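Chemist: Return a 3D structure for these sequence lines:
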Amino acid sequence: MSANMRMTKNPIPEQDPQVRAHNFKEVALGYTAEMAIDEAKRCMGCAKKPCVSGCPVNVRIPEFVALVAEGKFAEAAAIVKSTNNLPAICGRVCPQESQCESKCVRGIKGEPVGIGRLERFVADYVMAHPEEENKPEILPKNGKKVAVVGSGPAGLTCAGDLAKLGYDVTVFEALHAPGGVLIYGIPEFRLPKDLVRAEIATVEALGVKIIPDMVIGKCVTVDELFEEEGFDAVFVGSGAGLPNFQGIPGENLLGVYSANEFLTRTNLMKAYDFPNHDTPIKVGKVACIVGGGNVAMDAARCAKRLGAEEVYIVYRRSEKELPARAEEVHHAKEEGIIFRLLTNPTQIMGDENGVVKSMEVIQMELGEPDASGRRRPVPKEGSEYVIDCDTVVIAIGNSPNPLIRSTTPGLESNKKGCLVVDEETGKTTREGVYAGGDAVTGAATVILAMGAGKKAAASIHEYLQNK
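Modeler: Sure thing, here's the model as predicted:
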C-alpha cells in the first residue's frame with residue numbers, strides 16, 4: 001500500500017471554544033474510522049522505526065498504524081496493548097509531539113503522522129466493541145507476591161506487566177478511588193473519568209487486586225509488607241503529592257489554593273458529580289494561576305468553567321519557554337485565558353477577613369546569559385503593579401510525600417525528596433524495593449511514569465526469578 005503523501009495531519013474534531021469553556025465535557029472528540037484510516041495511510045512504514053525509539057513504553061507503532069490503515073482496528077489495539085496497559089489515556093494526555101511524533105520522518109518536511117490520535121482511536125474502538133478485543137495472554141501463577149504502592153500510571157503499568165507474567169499483585173492506594181493523577185489531577189475535559197475507570201478495570205481483569213484507603217507508611221510500613229504480609233518485592237509509585245509554594249507573603253489567605261487541592265476538588269465535583277460533596281471549590285470573578293505547565297493550564301481552564309469571568313496565567317518566563325504542551329496553550333487561549341508572561345508574583349493581599357483581594361506582580365526581563373548560555377528572567381526594577389483577584393492557584397510543581405522514605409530504613413532520597421534509584425532498573429537502595437514515576441523524578445508526565453513502571457516490572461521479574 002502506497003503512503004498518503006499529504007503534508008498535514010487530519011485535524012481532530014473539537015468542541016467549539018465558546019461552548020466548551022462552560023462545560024466539562026471532553027474537548028477533543030476523536031477521529032472517525034474514515035479519518036483514522038486516512039491518517040494511518042500517511043505512515044511510510046520506515047524500516048528503522050524511529051518513532052518507536054521516542055516512546056517510553058516502546059509501542060510497536062508502525063505495526064499498529066499499518067493495521068489501522070487496513071481497517072483492522074481490534075488487531076491494531078492488541079498490538080498497542082502488548083506494551084501499553086493504558087492506551088486510551090496515553091492517546092489523550094501524552095506529549096506525542098516531543099516523543100514518538102518528534103521522530104517521525106513525515107515531520108521533516110511536513111506534519112508527523114498523528115500517532116497519538118490513532119492510539120486513542122483504536123483504544124476507544126475496542127472499548128466500544130469489547131466482543132472484538134483480543135485478550136492478552138496471562139502466564140500461570142508463579143507463587144510470588146508483589147506489592148505496588150500507588151495506583152497512578154506508574155503503579156498500574158508495573159502491576160499490569162507483572163500480572164501478565166504470573167505474579168500475585170496487590171496495589172495499595174492511599175485515596176478512596178484508584179487512578180492517582182489520572183482521576184484526581186487531570187480534568188474531565190481532557191481525560192474523562194469513565195474512560196480512566198474502564199482502563200483500570202482492564203488492569204484488574206489481569207488479576208491485579210487494588211486496595212484503597214491504604215496509606216503505606218501509616219496503615220502499614222514497607223517492612224511490614226515484607227515481614228508480615230509475605231510480599232517478595234515492593235514497587236513504590238506513590239507520585240508527587242506535596243505541593244510547592246513560592247514563599248511569598250499572603251499564600252495562607254483564604255482563596256489561595258495549591259493546584260493539587262484545586263484540581264482534586266474540581267474533579268470530585270465535576271467528574272464524580274457528588275451532590276453532597278463537603279469540600280466544594282469556590283471561584284470568584286477573577287482568578288490568577290501562577291505557573292506555566294500543563295497543571296497551570298488545567299487549573300486556568302477549570303477556573304473558567306467554574307464561572308470566573310477573567311482568568312490569568314502568570315508566568316515568569318516567555319511564551320516560548322512555557323513548559324505546557326502547545327496544544328494545551330492553544331486551547332487555553334481559544335477559551336479566553338489571559339496570559340501575563342515575563343511576570344512574577346511578589347505578594348498576595350487580602351481584606352480585613354483574610355480573603356484574597358489582589359496580587360502584586362512584577363515584570364521580568366531576561367538577564368545576562370549564565371554558564372549554560374541561558375538568559376534567566378530577573379525582576380525589572382520599578383515595574384510592580386496589582387491585579388485585582390479573588391482566587392489564586394499556585395501551580396509551580398509538586399514534590400514526593402516524605403512518608404514512605406521516612407518510615408523505611410535504608411531507602412535513600414535526594415535533596416529534593418525524590419527516591420534514589422538505578423535509572424536502568426528502578427532499583428532503590430533497599431533490597432527488594434523498586435520505584436518509579438513522580439516519586440523518583442518529581443512531577444513529570446504520565447507516559448514517563450508508565451515507562452518507569454514498565455522498566456521496574458521487568459527488573460522485578462528478573463530479580464525474583466534469580467532469587
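Chemist: how about low-confidence regions in the chain?
Modeler: Applying pLDDT under 70 to the chain picks out residues 1-2, 271-279.
Chemist: Buried residues in the lengthiest helix in it, which are they?
Modeler: Ranked by number of residues, the top helix in the chain under DSSP state H is helix 446-465. Neighbour-count burial for helix 446-465, counted by 16 or more other CB atoms under 10 Å, picks out 446-457, 459-461, 463-464. Quick note: C-beta positions are derived from backbone N, CA and C, even for glycine.
Chemist: And stretch 39-49, by the same measure?
Modeler: Glu39, Ala40, Lys41, Arg42, Cys43, Met44.
Chemist: Identify the residues contacting the residue lying closest to the first one once chain neighbours are set aside.
Modeler: With CB to CB, 6 or more residues apart in numbering as the criterion, Glu39 has its nearest non-adjacent residue at 4.6 Å, and that residue is Asn10. Asn10 is in contact with Tyr31, Met35, Asp38, Glu39, Gly114, Arg117, counting by CB atoms under 8 Å, 6 or more residues apart in numbering.
Chemist: contacting residues for the third one?
Modeler: Read that as Asp38. Asn4, Asn10.
Chemist: any idea how far the strand or helix carrying it is from the chain center?
Modeler: For Asp38, the host element (DSSP states H and E) is helix 33-40. Distance, stretch centre to chain centre, for helix 33-40: 27 Å (CA atoms, centre = their mean, to the nearest Å).
Chemist: Let's see it as PDB, backbone CA atoms only.
Modeler: What follows is helix 33-40, C-alpha atoms only, in PDB (Å, rounded to 0.1, in the frame of the first residue of the first chain):
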ATOM      1  CA  ALA A  33     -13.000   5.400  11.300                       C
ATOM      2  CA  GLU A  34     -12.500   7.200   7.900                       C
ATOM      3  CA  MET A  35     -10.300   9.800   9.400                       C
ATOM      4  CA  ALA A  36      -8.200   7.200  11.200                       C
ATOM      5  CA  ILE A  37      -7.700   5.100   8.100                       C
ATOM      6  CA  ASP A  38      -6.700   8.200   6.100                       C
ATOM      7  CA  GLU A  39      -4.300   9.400   8.700                       C
ATOM      8  CA  ALA A  40      -2.700   5.900   9.100                       C
END
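Chemist: In the helix or strand harbouring Ala332, which residues are buried?
Modeler: Assigning secondary structure by DSSP H and E places Ala332 in helix 326-334. By neighbour count on 16+ other CB under 10 Å, the buried set for helix 326-334 is Glu327, Glu328, Val329, His331, Ala332, Glu334.
Chemist: Tell me which residues touch the fifth one, please.
Modeler: If I follow you right, that is Ala332. Ala332 is in contact with Met297, Ala300, Arg301, Ile313, Phe339, counting by CB under 8 Å, 6+ apart.
Chemist: I'd guessed Gly179 sits against Gly150; true?
Modeler: No: look at Gly179 against Gly150 with CB atoms under 8 Å: they stay out of range, at 10.2 Å.
Chemist: More neighbours: which of those two?
Modeler: Neighbours per residue (other CB atoms under 10 Å) separate Gly179 from Gly150, with Gly150 holding more: 33 against 25.
Chemist: what about the nearest residue to Ala240 once chain neighbours are set aside, how many neighbours?
Modeler: Nearest residue to Ala240, sequence neighbours excluded (CB to CB, 6+ apart): Asp438, at 3.7 Å. Per other CB under 10 Å, the neighbour tally for Asp438 reads 28.
Chemist: thought Asp438 was touching Asn260?
Modeler: No: applying CB under 8 Å as the test, Asp438 and Asn260 come out as separate, 11.9 Å apart.
Chemist: Spell out which residues are contacts of both of those two.
Modeler: Asn398.
Chemist: for the closest residue in space to Pro369 that isn't next to it in sequence, phi and psi?
Modeler: Spatial nearest neighbour of Pro369, excluding adjacent residues (CB to CB, 6+ apart): Arg375 at 5.2 Å. Backbone torsions of Arg375, given as degrees, to the nearest 10, read phi -90, psi 110.
Chemist: Helix or strand for Val80, just tell me which one.
Modeler: Val80 belongs to helix 73-81, assigned by DSSP H and E.
Chemist: The stretch 101-250 of the chain: helices as residue ranges?
Modeler: Here the stretch 101-250 of the chain has its helices, by DSSP state H, counting those that start in this stretch, at 115-128, 153-164, 181-184, 193-204, 222-227.
Chemist: Dump the second one to CSV, keeping only the CA atoms.
Modeler: It stands for helix 153-164. Extracted C-alpha coordinates of helix 153-164, given in CSV (Å, rounded to 0.1, in the frame of the first residue of the first chain):
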residue,chain,number,x,y,z
PRO,A,153,0.2,5.5,35.8
ALA,A,154,3.5,4.1,37.2
GLY,A,155,1.8,1.7,39.6
LEU,A,156,-0.9,0.5,37.2
THR,A,157,1.7,-0.2,34.5
CYS,A,158,4.0,-2.1,36.8
ALA,A,159,1.1,-4.1,38.2
GLY,A,160,-0.3,-5.0,34.8
ASP,A,161,3.0,-6.1,33.4
LEU,A,162,3.8,-8.3,36.5
ALA,A,163,0.3,-9.8,36.5
LYS,A,164,0.8,-10.9,32.9
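Chemist: got the angle between that helix and helix 193-204?
Modeler: Angle, helix 153-164 to helix 193-204, by axes from the mean of the first three to the mean of the last three CA atoms, to 10 degrees: 30 degrees.
Chemist: gap between helix 153-164 and the chain center?
Modeler: 16 Å.
Chemist: ok, so what distance separates the residue nearest to Ala177 when sequence neighbours are not counted from Ala163?
Modeler: Nearest residue to Ala177, sequence neighbours excluded (CB to CB, 6+ apart): Ile183, at 5.5 Å. Distance of Ile183 to Ala163, given as CB to CB, to the nearest Å: 20 Å.
Chemist: Kindly report the same for Pro323.
Modeler: From Pro323 to Ala163 the distance is 34 Å (CB to CB).
Chemist: cool, and Asp223?
Modeler: 24 Å.
Chemist: out of the two, which sits in the busier spot?
Modeler: Ranked by neighbour count (other CB under 10 Å), Asp223 and Ala163 place Ala163 first, with 26 against 14.
Chemist: buried stuff in stretch 101-117?
Modeler: If you call a residue buried by 16+ other CB under 10 Å, then stretch 101-117 has these buried ones: Glu101, Lys103, Cys104, Arg106, Glu111, Pro112, Val113, Gly114, Ile115, Gly116, Arg117.
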